[in-house]
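Engineer: sequence? don't have it. structure:
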């Protein structure tokens with residue numbers, strides 16, 4: 001079981017939960033389970049989510065494993081250039 005913190009407006013899409021516990025091995029499974037539990041998150045998950053694991057941001061590597069006890073945040077991707 002991992003604890004995921006939802007940053008900013010994402011919490012409102014998850015029934016106002018800023019922190020949720022999920023049983024997931026990798027980012028892909030995390031997204032699938034969150035989408036099942038909180039359907040309002042699905043569009044954000046599919047289009048503009050980044051994941052921070054212990055301070056390292058992952059934007060496309062959805063096979064990245066989620067270590068037990070890691071600090072995990074979901075946040076909207078930042079645009080920039």
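Structural biologist: Cool, the structure landed. Since this is a predicted model, take the numbers as computed values, not measurements.

Engineer: Show residues contacting the helix-or-strand element of the chain with minimal mean pLDDT.
Structural biologist: Sorting the helices and strands of the chain by mean pLDDT, DSSP states H and E puts helix 42-47 at the bottom, at a mean of 88. With contacts defined as CB atoms under 8 Å, 6 or more residues apart in numbering, helix 42-47 is touched by 10, 13, 31, 34, 35, 76. Where C-beta positions appear, they are placed from N, C-alpha and C, glycine not excepted.

Engineer: Could you rerun that using 6 Å?
Structural biologist: Contact with helix 42-47 is made by 31, 35, as judged by CB atoms under 6 Å, 6 or more residues apart in numbering.

Engineer: Work out the gap between it and the centre of the chain.
Structural biologist: 10 Å (CA atoms, centre = their mean, to the nearest Å).

Engineer: what comes up buried for the helix or strand just after that helix?
Structural biologist: Next helix or strand after helix 42-47 toward the C-terminus (DSSP states H and E): strand 49-53. For strand 49-53, the neighbour count (16 or more other CB atoms under 10 Å) marks 49, 51, 52, 53 as buried.

Engineer: How about stretch 20-32?
Structural biologist: Buried residues in stretch 20-32, counting neighbours by 16+ other CB under 10 Å, are found at 20, 22, 24, 27, 29, 30, 31, 32.

Engineer: Residue 50: what's it in contact with?
Structural biologist: 57, 59, 75, 77.

Engineer: Contacts only, for the third one.
Structural biologist: By CB under 6 Å, 6+ apart, the contact list for residue 75 reads 7, 50.

Engineer: ok, so what distance separates the residue nearest the centre of the chain from residue 17?
Structural biologist: Residue closest to the average C-alpha location in the chain (CA atoms, centre = their mean): residue 74, at 3.7 Å. Separation of residue 74 from residue 17 (CB to CB, to the nearest Å): 11 Å.
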